[in-house]
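Engineer: predicted model, plus sequence, below.
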Amino acid sequence: MLSFVNFFLLPGIVQGSIYALGAIGITLVFAIMRYGHFAHGDLATFGAFIALAFTTMLGVSPYIALPLAVLATGVFAIGIDRLFYAHLRTMPKIITTIASFGVALMLRSFVQVVWGVNTTSYARGITRPENWFGIRVKSHELVTLLVAIALVVALHLFLTRNKWGKAMRAMSDNPDLALLSGVDNNKVIALTWIVAGGLCAASGFFLGLNTELKSLMGWNILLPTFAAAILGGVGRIEGAIVGGLIVGIAEELSVLVIPGEYKVMSAFGILLLVLLFRPTGLFRGKVL
Amino acid sequence: MTALLTMKNLRAGYGDADILFDLSIEVAKGEIVAIVGPNGAGKSTAMKSIFGLLDIRAGSIAIGETDITGWVPNRIVKAGICYVPQVKNIFSEMTVHENFEMGAFLRKGDYSAALDRVYDLFPDLRTKRKTTAGSLSGGQRQMVAMGRALMLDPQVLLLDEPTAGLSPKYMEQIFQISRDVRDSGVAILLVEQHAKQALAFADRGYVLAAGRNRHEGPGPALLADRHIAEMFLGG
């Protein structure tokens, strides 16, 4: 039982919270702007490397670099939107979806030009796991879980208590009526990018912290992240969280039946099953 | 009587097609005006044209002395016109209370007085403030929609078929609430499919046909006119 928790459940939950942070962003962007944002994985890579830049330049701990990277990536995401997506707003959404593939390639190339293609990490050395009543958890895994929970709680409070958070939900619920109520579309879109971009940077950061940093890291989690968003129901934040955890745990458990290198196939399998049998996802999201 | 909302010689449509050809409508403060007419007469289109939701080719729309032709919805709301669409007129995934808060989105400062007034108008909703609006009955959803629009204290309230699909009980209730709102000094313009009931209840009415004014006058007078009754109101 303990070995199940230590070797499968806990790593699955950690990986799942990384997916969840990315999937919340994908779901939010879809809810407000109605397109799938395929640059989300590479934006996570970008965020992870920005955090690396802060740690090396300022000589601070990665945990101090994290909030800076979250903020910087959020602002950067607004810039991407203004530059590449804003003028496509009134056109069919598929055009923006394809444009986001282009942005993904640009982001990845940017990371490769600046930081190279070799793997690197935030801190050298091996972390010894703490042992709590037989449950072995590494400190960075614990931080991943706690920060992910804190971010989700903060987002929930923002969306349910804050005027602009409610405006975001209103825009997702009924865009025409939100405009008739005087909500400024452009402000809500900018806000969405701050939130989605920031969470995306956090997911990239934690992926780098728990494994290693490389230019393809974000691209590699794009499929499981989308699978998580779709499994939960596109546009549903609670769905993105549950979906992320399910995909993360399923990947770890899949090692029991298939070779570890094919882990990512389980995300693909989940995506296939959801699209075939419950295309609106667990929480009945918006239909694509 | 000076008009608060004036639509003058309006020609408007979507794309290449015109739907309104020469439409003029006036609504004064403290008055309920009903637009009735057969299907395809342009009733709802007339209302949407106020909010710039279709192309206006000629004519003008004004609130008081201010010309608002071609303004964006955001600005029109600020100018004091609130609109309750016929369908998708609530935030169905948000609570009743949050719907009203969204109605007050443009208000600065404390709006508890406006909230109280809306809950007084719709006492049924007071106990349902935490309920998700989409799970309410049709009549209650219509009340949420009207309440949302009233949160800004509009000068003019536009109602697009407010009683469509409602039971007679709720229809009467919506009419009664509209009278209360009118008596508080709001001008109400509504489009109705139930022509007879609407004319009986409105202060004045316009009968539209094929995008033009056909008849206008006090509601009861239009109802009493045999010609109009035969042509437009189904005998």
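Structural biologist: That came in fine, so what should we check first?

Engineer: where does the stretch 51-200 of chain A get nearest to chain B, residue-wise?
Structural biologist: Checking the stretch 51-200 of chain A residue by residue against chain B with CB to the nearest CB singles out A:G182 as nearest, at 3.9 Å. For every residue, glycine as well, the C-beta is placed using N, CA and C.

Engineer: what helix or strand is the residue nearest to that residue when sequence neighbours are not counted on?
Structural biologist: The shortest distance from A:G182 to any residue other than its chain neighbours is 3.9 Å, reached at B:L106 (CB to CB, 6 or more residues apart in numbering or on different chains). Assignment of secondary structure by DSSP states H and E places B:L106 within no helix or strand.

Engineer: now the one 4 residues further on
Structural biologist: Secondary structure assignment for B:D110, by DSSP H and E: no helix or strand.

Engineer: list phi and psi for it.
Structural biologist: For B:D110, the backbone dihedrals are phi -80, psi 130 (criterion: degrees, to the nearest 10).

Engineer: distance of it relative to A:P279?
Structural biologist: Summarising the geometry, the distance separating B:D110 from A:P279, computed by CB to CB, to the nearest Å, is 45 Å.

Engineer: in terms of neighbours, single out the busier of these two.
Structural biologist: When neighbours are counted by other CB atoms under 10 Å in any protein chain shown, A:P279 comes out ahead of the other of B:D110 and A:P279, with 13 against 9.

Engineer: now do the SS call for the more buried one.
Structural biologist: The local conformation at A:P279, judged by DSSP: H, G, I helix; E, B strand; the rest coil, is coil.

Engineer: quick one: pLDDT of it?
Structural biologist: The predicted local confidence for A:P279 comes out at a pLDDT of 89.

Engineer: how far away is it from A:G233?
Structural biologist: Taking CB to CB as the criterion, A:P279 is separated from A:G233 by 10 Å.

Engineer: what about the strands in chain B?
Structural biologist: Assignment of strands within chain B using DSSP state E yields the ranges B:3-14, B:17-28, B:32-36, B:55-63, B:66-67, B:81-84, B:156-160, B:187-191, B:204-209, B:212-218.

Engineer: any stretches of the stretch 1-150 of chain A with poor pLDDT?
Structural biologist: For the stretch 1-150 of chain A, the stretches with pLDDT under 70 are A:125-126.

Engineer: what count of nearby residues applies to the closest residue to chain A within chain B?
Structural biologist: With CB to the nearest CB as the measure, the residue in chain B that lies nearest chain A is B:L106; the distance is 3.9 Å. Neighbouring residues of B:L106 were enumerated by other CB under 10 Å; the total is 14.

Engineer: what's it in contact with, if anything?
Structural biologist: For B:L106, the set of contacting residues under the criterion of CB atoms under 8 Å, 6 or more residues apart in numbering or on different chains consists of A:181-182, B:77-78, B:152.

Engineer: which among those residues count as buried?
Structural biologist: Among the contacts of B:L106, those classed as buried by 16 or more other CB atoms under 10 Å in any protein chain shown are A:181-182, B:77, B:152.

Engineer: a markdown table please, covering these and showing distance to B:G217 and pLDDT.
Structural biologist: Shown next, in a markdown table, are those (distance: CB to CB, whole Å; pLDDT from 0 to 100):
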| residue | distance to B:G217 | pLDDT |
| --- | --- | --- |
| A:S181 | 35 | 91 |
| A:G182 | 35 | 88 |
| B:V77 | 31 | 90 |
| B:L152 | 31 | 90 |
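
Engineer: among the residues you listed, which ones are in helices?
Structural biologist: B:V77 (DSSP state H).

Engineer: for the buried ones among the contacts of B:L106, which one is nearest A:P224?
Structural biologist: Taking CB to CB as the measure, A:P224 sits nearest to A:S181 out of the buried ones among the contacts of B:L106, at 37.0 Å.

Engineer: now for the contacts of B:L106: which two are most distant?
Structural biologist: Pairwise distances among these were taken by CB to CB; the largest, 11.2 Å, belongs to A:S181 and B:K78.

Engineer: and the longest helix for the chain?
Structural biologist: As the question left the chain open, I've gone with chain A. helix A:185-210.

Engineer: actually it's chain B I care about, not the one you picked
Structural biologist: In chain B, with assignment by DSSP H, the single longest helix is helix B:168-183.

Engineer: contacts for that one, please.
Structural biologist: With contacts defined as CB under 8 Å, 6+ apart, helix B:168-183 is touched by B:30-32, B:121-122, B:138-139, B:142-143, B:146, B:150, B:157, B:159, B:162-163, B:166, B:188, B:190, B:194, B:197, B:201, B:203.

Engineer: what does the stretch 51-200 of chain A put close to chain B?
Structural biologist: By CB under 8 Å from any CB of the partner chain, the part of the stretch 51-200 of chain A that sits against chain B consists of A:163, A:166-167, A:169-170, A:172-174, A:176-184.

Engineer: list only buried entries from these.
Structural biologist: The neighbour-count criterion (16+ other CB under 10 Å) marks A:166-167, A:169-170, A:172-174, A:177-184 among these as buried.

Engineer: pull out the buried positions in stretch A:103-115.
Structural biologist: Neighbour-count burial for stretch A:103-115, counted by 16+ other CB under 10 Å, picks out A:103-104, A:107-108, A:111, A:115.

Engineer: right, I mislabeled it, should have said stretch B:66-82
Structural biologist: By neighbour count, with 16+ other CB under 10 Å as the criterion, the buried positions of stretch B:66-82 are B:68-69, B:71, B:73-74, B:76-77, B:79-82.

Engineer: quick check: the two most widely separated of these?
Structural biologist: Set against one another by CB to CB, these have their most distant pair in B:T69 and B:C82, with a gap of 18.2 Å.

Engineer: contacts for the helix or strand of chain B with the lowest mean pLDDT, please.
Structural biologist: Here the helix or strand of chain B ranked lowest by mean pLDDT, DSSP states H and E is helix B:226-232, holding a mean of 73. Under the criterion CB under 8 Å, 6+ apart, residues B:36-38, B:195, B:207, B:209, B:214-215, B:222-223, B:235 lie in contact with helix B:226-232.

Engineer: in CSV: the residues you listed, plus distance to A:T144 and neighbour count.
Structural biologist: Shown next, in CSV, are the contacts of helix B:226-232 (distance: CB to CB, whole Å; neighbours: other CB atoms under 10 Å in any protein chain shown):
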residue, distance to A:T144, neighbour count
B:V36, 63, 27
B:G37, 64, 26
B:P38, 65, 17
B:A195, 64, 23
B:V207, 68, 24
B:A209, 68, 15
B:R214, 70, 15
B:H215, 71, 18
B:L222, 71, 25
B:L223, 71, 19
B:G235, 74, 7
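
Engineer: could those residues go into JSON lines alongside pLDDT and distance to chain A?
Structural biologist: Formatted as JSON lines, the contacts of helix B:226-232 follow (pLDDT from 0 to 100; distance: CB to the nearest CB, whole Å):
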{"residue": "B:V36", "pLDDT": "88", "distance to chain A": "24"}
{"residue": "B:G37", "pLDDT": "84", "distance to chain A": "24"}
{"residue": "B:P38", "pLDDT": "81", "distance to chain A": "26"}
{"residue": "B:A195", "pLDDT": "84", "distance to chain A": "26"}
{"residue": "B:V207", "pLDDT": "88", "distance to chain A": "27"}
{"residue": "B:A209", "pLDDT": "84", "distance to chain A": "28"}
{"residue": "B:R214", "pLDDT": "81", "distance to chain A": "29"}
{"residue": "B:H215", "pLDDT": "83", "distance to chain A": "30"}
{"residue": "B:L222", "pLDDT": "83", "distance to chain A": "30"}
{"residue": "B:L223", "pLDDT": "81", "distance to chain A": "32"}
{"residue": "B:G235", "pLDDT": "46", "distance to chain A": "37"}
